[in-house]
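S.K.: sequence-free structure coming up:
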């Protein structure tokens, strides 16, 4: 007999009207499995079902069944809050339903809503107490925690515990597992999610004592996390006990912590740690002195500066070609070459291009002269010991400003350059006082402009009230040029302070002045004041975004972006996306899209998906913002998804969109190789083509030149990263990129991009902070992370004489005539053999042979067809010397041989790839690794590593730091070698110049006068 399917629940529903309790109880149980099919019909009787749940006449189990039935009906009606309320009343029946087969989606939804309600109630309670929370809800949550812990799903439990402010669960899990990686996961979760600052600090302070004391023998992998935690808490009182506990037994670890803190710590934080360190006793005084020396920050800068000088691989031919094709008399082109040269030589101290092209320099005028002089600051960035000497000829003289026409621009540019040289290290130093005095005594607005910018960048984050007051005086002169720079500088000096008095003063003046330049400077200055302050900035953000003036709304967008930088805060992202499609000002919309990069740079893999539709907007300003968002967020990752969005935009119909695409590609592909990124060679060729095309728009050519500078930045030894190696936010880099984005209005601000340049090196130091000579292993094919090959000079096209076309009939006639003439003269037999070089068909074949010969006349190396060239097998690994370039993606492949003399006190990287025996097939693996690195959070690593000497009884060799040569060495063809590294042919032999130990020290580089006013 076939069972007939039920077509209605009316019969069972009728039983609910029966007076007998047994019938009602049976009807409730029978209806529960019918809800998925007949929920619409049952919902008409929901009032009756609710009354049964509240009835005291029914037994407890029947009331629980009524509650579950009502919960399921509300679930299908989409009323999830009601469904949860009745599910809580279902008690044991709901627990049985959760274990039943086929109830997964309903149960998951109810539990999910239970967690959300619990989190909401916990966060609304100021003390995190559970007095207002339903005991039944509490029981469900506790059962969820127990289930996660029993099944080993610790990360799920940690996520719920963090959102519901249940720190006791974190303690319980760590007590069971003692797994340090779970502590690191908890720290990353609370740092990279949108928690409030107060709760974030509460969790981090709770986690800090749970971390076990680090030891150099165990190579504690949590050193990265511990350094990041201390930098984020920004409390010197927590750092000093840790450092003192490591002295003297673990002094190498103490030095390592100090270097890692310098990577991400703010200036005032480092100075606080340095001040609170004890003087030390007789045996430890020297160790504490070294710690103070490291925490000063200048030791790290000195090491990286030396690395950039020694490993400079700038391809001068690229720079020379760009200079030759861009007309120097046009200001935008002169500025483009200036910026390209500055970026390519950033930090290398090599001004050889400027020395070789003095006539080109002389063509700069007015603000182009300002930018060209400021470029010296980018080139010598970090060389603070000799900054005043290098810039001496261009700085204002004590007797007052020069009366020479146009000298004010070079003086202002030199003051700006002085700030760039001392970026982030000038607070409290003599250079800060010098810039203050110069700004106060300067009469011209151009010199004041340069001094204000220099003071802001040098004293960044120093929060000096004297500097702020001096800048405020300059602002109140109401000079548009000087006031704009003062606005930027006031924000930079008070960076991250959230000082309400400063913010109110700046906002009031911005509303009163009529100069757009000043308003823009103050708007960005407000953004800098609230850097990293999250909810503390909310009231200012609301106020700025409600302004009628679009420039103040523009500042509000950047305030939102910098206040929540690196948090990926959903509300902030949603607000920026709304502004990007709704604001009436194109500038504000462009800024909103660009600002997404500052929120999401820790998750670059998400950015292409978010920006995809915006990159196809009808509004070119939105498209332009999308290019910069991709460039800044995905900088240095080589992320192919981002490149695929940008490549079509290089053909956009609007010039400034193409400009943004060229710049963004340079940022993304910096330090990528042709083996690891398929778009590398085509992008370089595109830059050359666009720069050389005289019919291309000037803005696009400008963007291509900047892209060339960024893709080879810092002598090809730096990457662009908004995170420090410890994984914390890189304050200097974030501020530098925010300033760089203002090049749209003021080209000299593009120099600030150098603040985001991060040298990529492994610099191993011993206990004496000296650099020993040794090698470590890169377990990848050398070509994957090699420097790009040198550019080849353009070959002159040689046009071969075209062969005369000969018809076959004509050829036959001529052949017969020659044959007949030969028979008449010689009277001898001849065979019918055509002459090979005269007949048409053979002659055409003969023309193909020389085509394979090189145009420069070098001998052909073409192999015969019968012998194929042997493909040279590439090794699967290579040895890399200390003080060499190691790219961020290469860090995962670095290992120190166990039998080696030197071993690092902490892991080189948290992401490690096991060495592969075969060299083939690794390229695709690296591409996958690069995409995963781009989508994962920054693992940190590399940089300055303290080394344990396993064989201290043996004599060690050290790399000696040599003073720079006084002048560049010129080759026979006129090309100069900056520090012996420009010519790829002589790279190996001429990197270092042997010094006579008895000879006196060489003086710093000799200054030279720009021929601006000759």
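M.R.: The structure has been received and is ready for your questions. Quick caveat: nothing in here was measured; it's all calculated off a predicted structure. Numbers count the residues shown, from 1 in each chain.
S.K.: how close does residue 946 sit to residue 483?
M.R.: 47 Å (Cβ to Cβ, to the nearest Å). The way it works is simple: take the backbone N, C-alpha and C, and place the C-beta from them, glycine included.
S.K.: and if you look at residue 73?
M.R.: According to Cβ to Cβ, residue 73 and residue 483 sit 67 Å apart.
S.K.: Please tell me how far the residue positioned nearest the centre of the chain sits from residue 123.
M.R.: When the chain is reduced to its mean C-alpha position, the nearest residue by Cα atoms, centre = their mean turns out to be residue 721, at 3.0 Å. Distance check for residue 721 against residue 123: by Cβ to Cβ, it reads 33 Å.
S.K.: With residue 322 instead?
M.R.: 56 Å.
S.K.: Neighbour count for the two, which is higher?
M.R.: residue 322 (24 against 15; other Cβ atoms under 10 Å).
S.K.: I'd say that one and residue 691 touch.
M.R.: Yes: using Cβ atoms under 8 Å, residue 322 is in contact with residue 691, at 5.4 Å.
S.K.: Name the residues contacting each of these two.
M.R.: 705, 708 (Cβ atoms under 8 Å, 6 or more residues apart in numbering).
S.K.: can I see the domain layout of this protein?
M.R.: Following the TED database, one finds the domains of the chain at 226-296, 302-363+603-758, 760-785+874-912+939-951.
S.K.: Return the most buried member of those.
M.R.: domain 302-363+603-758 (a mean of 23; mean count of other Cβ atoms under 10 Å).
S.K.: end to end, how far does that one reach?
M.R.: 14 Å (Cα to Cα, to the nearest Å).
S.K.: repeat for stretch 612-625
M.R.: End-to-end distance (Cα to Cα), stretch 612-625: 12 Å.
S.K.: per-residue confidence averaged over it?
M.R.: If you average the pLDDT over stretch 612-625, you get 93.
S.K.: and what of stretch 151-159?
M.R.: 90.
S.K.: Equivalent analysis for stretch 730-742, please.
M.R.: Stretch 730-742 comes out at a mean pLDDT of 93.
S.K.: residue boundaries of the strands in the chain?
M.R.: Here the chain has its strands, by DSSP state E, at 718-720, 757-759, 761-765, 775-778, 878-881, 884-885, 894-895, 902-904, 943-949, 969-970, 976-977.
S.K.: my guess is residue 157 contacts residue 171, does it?
M.R.: No: using Cβ under 8 Å as the test, residue 157 is too far from residue 171 to be in contact (12.0 Å).
S.K.: Pick out whichever of the two has more residues nearby.
M.R.: Ranked by neighbour count (other Cβ under 10 Å), residue 157 and residue 171 place residue 157 first, with 23 against 14.
S.K.: The more buried one and residue 210: what is the separation?
M.R.: Taking Cβ to Cβ, one finds residue 157 at 16 Å from residue 210.
S.K.: what do you get for residue 91?
M.R.: 37 Å.
S.K.: Likewise for residue 8?
M.R.: 60 Å.
S.K.: quick one, which of these two is more surrounded?
M.R.: For the pair residue 8 and residue 210, the greater number of neighbours falls to residue 210 (15 against 11), based on other Cβ under 10 Å.
S.K.: wait, that one sits on residue 184?
M.R.: No: counting by Cβ under 8 Å, residue 210 stays clear of residue 184, with 10.9 Å between them.
S.K.: ok, and for stretch 199-218, which residues are buried?
M.R.: 200, 201, 202, 203, 204, 207, 208, 211, 214, 216 (16 or more other Cβ atoms under 10 Å).
S.K.: if we take these, which one ends up nearest to residue 520?
M.R.: residue 200 (32.0 Å; Cβ to Cβ).
S.K.: The closest one and residue 606, how far apart?
M.R.: When residue 200 is compared with residue 606 (using Cβ to Cβ), they lie 21 Å apart.
S.K.: go on, residue 177?
M.R.: Taking Cβ to Cβ, one finds residue 177 at 30 Å from residue 606.
S.K.: Could you do residue 62 as well?
M.R.: 50 Å.
S.K.: Please apply the same query to residue 54.
M.R.: 48 Å.
S.K.: Wait, residue 214 touches residue 223, no?
M.R.: Yes: contact status for residue 214 versus residue 223: in contact at 5.5 Å, counting by Cβ under 8 Å.
S.K.: Low-confidence stretches in the stretch 351-500 of the chain?
M.R.: Within the stretch 351-500 of the chain, the stretches with pLDDT under 70 are 399-406.
S.K.: actually the stretch 651-800 of the chain, not the one I typed
M.R.: 794-800.
S.K.: Would you state the helices of it in chain order?
M.R.: Assigned by DSSP state H, counting those that start in this stretch, the helices in the stretch 651-800 of the chain fall at 655-668, 680-692, 698-711, 713-716, 731-740.
S.K.: which one of these lies closest to residue 366?
M.R.: Among the helices of the stretch 651-800 of the chain, helix 698-711 sits nearest to residue 366 (Cβ to Cβ), with 17.3 Å.
S.K.: Return the distance of the closest one from the chain's centre.
M.R.: 19 Å (Cα atoms, centre = their mean, to the nearest Å).
S.K.: Stretch 497-508 now?
M.R.: That offset, for stretch 497-508, works out to 29 Å (Cα atoms, centre = their mean).
S.K.: And for stretch 283-298?
M.R.: 31 Å.
S.K.: Show residues contacting that stretch.
M.R.: By Cβ under 8 Å, 6+ apart, stretch 283-298 touches 243, 247-248, 251, 254-255, 258-259, 261-262, 267, 270, 273-274, 277-280, 299-300, 384, 424-425, 769.
S.K.: ok, 7 Å please
M.R.: Here stretch 283-298 makes contact (Cβ atoms under 7 Å, 6 or more residues apart in numbering) with 243, 247-248, 251, 254-255, 258-259, 261-262, 270, 273-274, 277-280, 299, 425, 769.
S.K.: Poorly predicted segments of the stretch 201-350 of the chain, please.
M.R.: Where the stretch 201-350 of the chain drops to pLDDT under 70, the residues are 216-220.
S.K.: can you do 80?
M.R.: Scanning the stretch 201-350 of the chain for pLDDT under 80 picks out 215-222, 248, 264, 266-267, 280, 282-283.
S.K.: re earlier: I'd like the domains of the chain as TSV, with distance to residue 532 appended.
M.R.: Shown next, in TSV, are these (distance: least, Cβ to Cβ, whole Å):
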stretch	distance to residue 532
domain 226-296	9
domain 302-363+603-758	7
domain 760-785+874-912+939-951	19
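S.K.: between the ones you listed, which gets nearest to residue 558?
M.R.: The nearest among those, by Cβ to Cβ, is domain 302-363+603-758 at 6.3 Å.
S.K.: related to what we said a few turns ago, what's near enough to touch the nearest residue to the residue nearest to the centre of the chain once chain neighbours are set aside?
M.R.: The shortest distance from residue 721 to any non-neighbouring residue, by Cβ to Cβ, 6 or more residues apart in numbering, is to residue 758 (4.7 Å). Counting by Cβ under 7 Å, 6+ apart, residue 758 touches 718, 719, 721.
S.K.: Name all residues that make contact with the last one.
M.R.: I take that to be residue 721. Contacts of residue 721 (Cβ under 7 Å, 6+ apart): 635, 636, 730, 733, 756, 758.
S.K.: again with the first one
M.R.: Residue 718 is in contact with 346, 757, 758, 759, 760, counting by Cβ under 7 Å, 6+ apart.
S.K.: ok, 10 Å please
M.R.: Going by Cβ atoms under 10 Å, 6 or more residues apart in numbering, residue 718 touches 304, 307-308, 343, 346-348, 636, 670-671, 710, 712, 754, 756-761, 885.
S.K.: cool, and the second one?
M.R.: By Cβ under 10 Å, 6+ apart, the contact set of residue 719 is 635-637, 667, 670-672, 713, 756-760, 887-889.
S.K.: Against residue 710, how distant is the closest residue in space to residue 76 that isn't next to it in sequence?
M.R.: Take residue 76 and drop its neighbours on the chain: the residue closest to it by Cβ to Cβ, 6+ apart is residue 39, 4.0 Å away. Distance of residue 39 to residue 710, given as Cβ to Cβ: 60 Å.
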